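1. got a structure for you, letters missing:
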DNA sequence: TTGTATGCGTTATCAG
DNA sequence: CTGATAACGCATACAA
């Protein structure tokens, strides 16, 4: 129904190839006489021609499209990074499609299979799958790929924060605040970042309670309820392995008098205004986004100059209530 | 390079059509002898066959893919709604791709053109374009389409909140709190929701200051700085036309003693814990998402039963600081 | 400078 | 039950 090259060719008394060449623009178009070129472009505009990208992609095996598959785009962290990645890719002439696995391995598998079949040129992935082998049961080994946030061993094109440092600075801050006992609220232990963060914290503190669940606000809420049941004395701090969990805990715990310190990874919005001590270990989102783009681009252009995993430094930030608490104790 | 139907056909001494039929499954596959069927499926699995979705889409004009184009997926509001839309569509066998115009009309135009050319089956759009005419310069008139959040006159498949009510309940709450003078922080007045919300508020109160800019946190921060320069006495309330603007204002204003009421549209995370009076007019995100999906599905299956614009009711919520303030004044 | 012919991987039509 | 064969819309090698 929409006009095709054939239609334009008929209308202008030329052939499909001529039309194709004209519309291709650039050098190829220059090899066509100015006269026919004008006729063809005019007709194309008049008929409202739009190239069928499926056909073009089928033929050229190029789509100028990158897929970014994340685990939960309801989490603003992913929205922010996606937004920056989008801008970066756009500057280089690629468009980006964001897909969501919703922390569901089945949906991840579906998208993982489908996206390459749809002819994307490359993919940036926040993975649920944990091994290179498992991953490549779904995607072809030659697809330009960058692993984001959660390194997979054996894949060198990956960007993530230094988990040791990330958790380390959090622990240091807690130690300086005389924390000894903590409760731990973690996302799925099948996910390496959550597991790793939990492990590192466990190494440094006496963990008196634990709760694990999907990395969502609701899980944080449940955690506090569960902790409340077990014992009346709360620990010195509650450590959450991501922002959503932290937010859930904060929402429910703030009513307590003398609440424990909340320590979490990633940012809590407006933490400075919240009436309880908070320390966040914050990843450098712009740098992560930038690195992801820069790691993908050379793969797209064919050149594959020994990609190295990029490890981005993080920093710990305490809120005002935390700082006040410290100066009072001092 | 990846195996195709032809490869499988050769390997099994059959024809492409047979292979295609077997792999199609369902009724078509039943018309093939159990024996060849087994041989073909086995070979397909062994060779790791994956259908080329570009080719299939080119042929069938169906992709089982819906695009959701929003204006700013760094804003959690869009992340939440996108997440719900995704789940809804997924339940009906569609996958969803989220794209971001970043409040840039040029990028919107690009995606608007490209997505249909890529063979999506339908689209849900949070538009920047303001008229039906302008929109259809980019997308074909027969593309299944739902307009989300910002109705466009002449397009009946649209879902949004009742702006009159949404702004009305906010104004009522402010009036009951004895607010007379307000400052207004709005997103781009080219966007109907921002403009409309601003107008309604202007009707009810004396607007002593205004600031307009992109609907981002940064704009809210700038607004407060600007207001601070002009006069020393702040108004009774600052009204922001969305959550991001509100967050920016709150972040910068909280340091003030006796801060004004912050009134905004959409949700402020953990508002109950913030130390200044806040009232939010909150849209029903799940209902919006649901309606969007339900408005799109019938268009996809061909039946087009007189679609009506869906108007979703909203509610105003005040935080604890607001409530405390009220009881003190009473 | 332009046209012809071929193929990208599928599905669908038409024979047999 | 199965196999040729023709599209789908585009890009390109090869001719002219």
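-> Received it, and whenever you're ready, just let me know what you need. Given the structure is predicted, the values throughout are model-derived calculations rather than measurements. Residues are numbered from 1 along each chain as shown, chains lettered A, B, ... in the order given.

2. just give the closest residue to residue A:287, not the sequence neighbours.
-> residue A:312 (4.8 Å; Cβ to Cβ, 6 or more residues apart in numbering or on different chains). The way it works is simple: take the backbone N, C-alpha and C, and place the C-beta from them, glycine included.

3. with residue A:311 instead?
-> residue A:162 (4.9 Å).

4. neighbours of the one you found, how many?
-> Neighbours of residue A:162 under the rule other Cβ atoms under 10 Å in any protein chain shown: 14.

5. got it, and residue A:96?
-> Residues within reach of residue A:96, counting by other Cβ under 10 Å, total 24.

6. circling back: ok, the residue nearest to residue A:287 to residue B:82 distance?
-> 26 Å (Cβ to Cβ, to the nearest Å).

7. quick revisit: contacting residues around the residue nearest to residue A:311?
-> Taking Cβ atoms under 8 Å, 6 or more residues apart in numbering or on different chains, we find residue A:162 in contact with A:311, A:312, A:313, A:314.

8. could I get these as TSV with neighbour count, distance to residue B:275 and secondary structure?
-> Below are the contacts of residue A:162 laid out as TSV (neighbours: other Cβ atoms under 10 Å in any protein chain shown; distance: Cβ to Cβ, whole Å; DSSP: H, G, I helix; E, B strand; the rest coil):
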residue	neighbour count	distance to residue B:275	secondary structure
A:311	16	38	strand
A:312	19	33	strand
A:313	12	32	coil
A:314	24	28	coil
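
9. ok, and of these, which contact DNA strand D?
-> Contacts with DNA strand D within those, counted by Cβ under 7 Å from any atom of the strand: none were found.

10. where in the stretch 51-200 of chain A is pLDDT low?
-> For the stretch 51-200 of chain A, no stretch is flagged by pLDDT under 70.

11. tell me where it has strands.
-> Assigned by DSSP state E, counting those that start in this stretch, the strands in the stretch 51-200 of chain A fall at A:65-70, A:95-100, A:122-125, A:145-148, A:158-161, A:181-186.

12. nearest to chain B, out of those strands?
-> strand A:95-100 (4.1 Å; Cβ to the nearest Cβ).

13. which residues are contacting the helix or strand hosting residue A:316?
-> Using DSSP states H and E, residue A:316 sits in strand A:315-318. By Cβ under 8 Å, 6+ apart, the surrounding residues in contact with strand A:315-318 are A:169-170, A:172-173, A:271, A:277-282, A:284, A:326.

14. tell me the average confidence for it?
-> What strand A:315-318 shows for mean pLDDT is 97.

15. swap in stretch A:25-38?
-> 91.

16. same question for stretch A:237-246.
-> Mean predicted lDDT for stretch A:237-246 stands at 97.

17. return the distance of that stretch from the chain's centre.
-> The chain centroid and the centroid of stretch A:237-246 are separated by 19 Å, computed with Cα atoms, centre = their mean, to the nearest Å.

18. sorry, back to before: which among the contacts of residue A:162 gets closest to chain B?
-> Ranked by distance to chain B (Cβ to the nearest Cβ), those are led by residue A:312 at 18.9 Å.

19. you'd agree that closest one is up against residue A:165?
-> No. Counting by Cβ atoms under 8 Å, residue A:312 sits too far from residue A:165 to count as a contact (9.7 Å).

20. sorry, back to before: adding distance to residue B:49, write the contacts of residue A:162 out as TSV.
-> Converted to TSV, the contacts of residue A:162 look like this (distance: Cβ to Cβ, whole Å):
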residue	distance to residue B:49
A:311	38
A:312	39
A:313	44
A:314	43
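
21. could I get the full set of helices for chain A?
-> For chain A, the helices defined by DSSP state H occupy A:5-12, A:16-24, A:26-30, A:34-47, A:53-60, A:76-91, A:105-117, A:132-135, A:163-176, A:192-204, A:217-230, A:243-253, A:285-300, A:320-329.

22. so what touches the fifth one?
-> Contacting residues not belonging to helix A:53-60 are listed as A:63, A:119, B:52, B:54, B:55, B:57, B:58, B:114, B:117, B:118, B:119 [Cβ under 8 Å, 6+ apart].

23. mind checking how far the third one is from chain A?
-> Same thing as residue B:52. Distance of residue B:52 to chain A, given as Cβ to the nearest Cβ, to the nearest Å: 6 Å.

24. do the last one as well
-> When distance is defined by Cβ to the nearest Cβ, residue B:119 is 5 Å away from chain A.

25. run a quick neighbour tally on the closest residue to residue A:316 other than its chain neighbours.
-> Spatial nearest neighbour of residue A:316, excluding adjacent residues (Cβ to Cβ, 6+ apart): residue A:169 at 4.1 Å. Residues lying near residue A:169 (other Cβ under 10 Å) number 19.

26. if I look at residue A:169, how far off is residue A:330?
-> Counting by Cβ to Cβ, the gap from residue A:169 to residue A:330 is 20 Å.

27. then residue A:240?
-> Taking Cβ to Cβ, one finds residue A:240 at 26 Å from residue A:330.

28. please identify which of the two sits among more neighbours.
-> residue A:240 (31 against 5).

29. hang on, the more buried one packs against residue A:246?
-> Yes. Between residue A:240 and residue A:246 there is a contact under Cβ under 8 Å: 4.0 Å.

30. joint contacts of these two?
-> With Cβ under 8 Å, 6+ apart, residue A:240 and residue A:246 have common neighbours A:185, A:220, A:262, A:264, A:265.

31. ok, the last one - how many residues close by?
-> Residue A:265: 27 surrounding residues under other Cβ under 10 Å.

32. residue A:107 now?
-> Residues near residue A:107, counting by other Cβ under 10 Å, number 20.

33. so who does it touch?
-> By Cβ under 8 Å, 6+ apart, the contact set of residue A:107 is A:100, A:101, B:90.

34. check residue A:38 too.
-> Contacts for residue A:38 (Cβ under 8 Å, 6+ apart) come out as none.

35. what about the spatially closest residue to residue A:48 that is not a sequence neighbour, distance to residue A:49?
-> Sequence neighbours aside, residue A:3 is the residue nearest to residue A:48 in space, at 6.7 Å (criterion: Cβ to Cβ, 6+ apart). Using Cβ to Cβ, we find residue A:3 at a distance of 5 Å from residue A:49.

36. out of the contacts of residue A:107, which are close to DNA strand C?
-> Counting by Cβ under 7 Å from any atom of the strand, no member of the contacts of residue A:107 reaches DNA strand C.

37. TSV for these, including distance to residue A:208 and neighbour count?
-> Output for those, formatted as TSV (distance: Cβ to Cβ, whole Å; neighbours: other Cβ atoms under 10 Å in any protein chain shown):
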residue	distance to residue A:208	neighbour count
A:100	35	28
A:101	33	24
B:90	40	18
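
38. of the residues you listed, just say which sits nearest to DNA strand D.
-> Minimum distance to DNA strand D across the contacts of residue A:107 is 27.0 Å, recorded for residue B:90 (Cβ to the nearest atom of the strand).

39. contacting residues for that closest one?
-> Contacts of residue B:90 by Cβ under 8 Å, 6+ apart are A:107, B:96.

40. for it, give its distance to residue B:146.
-> For residue B:90, the distance to residue B:146 - Cβ to Cβ - is 16 Å.
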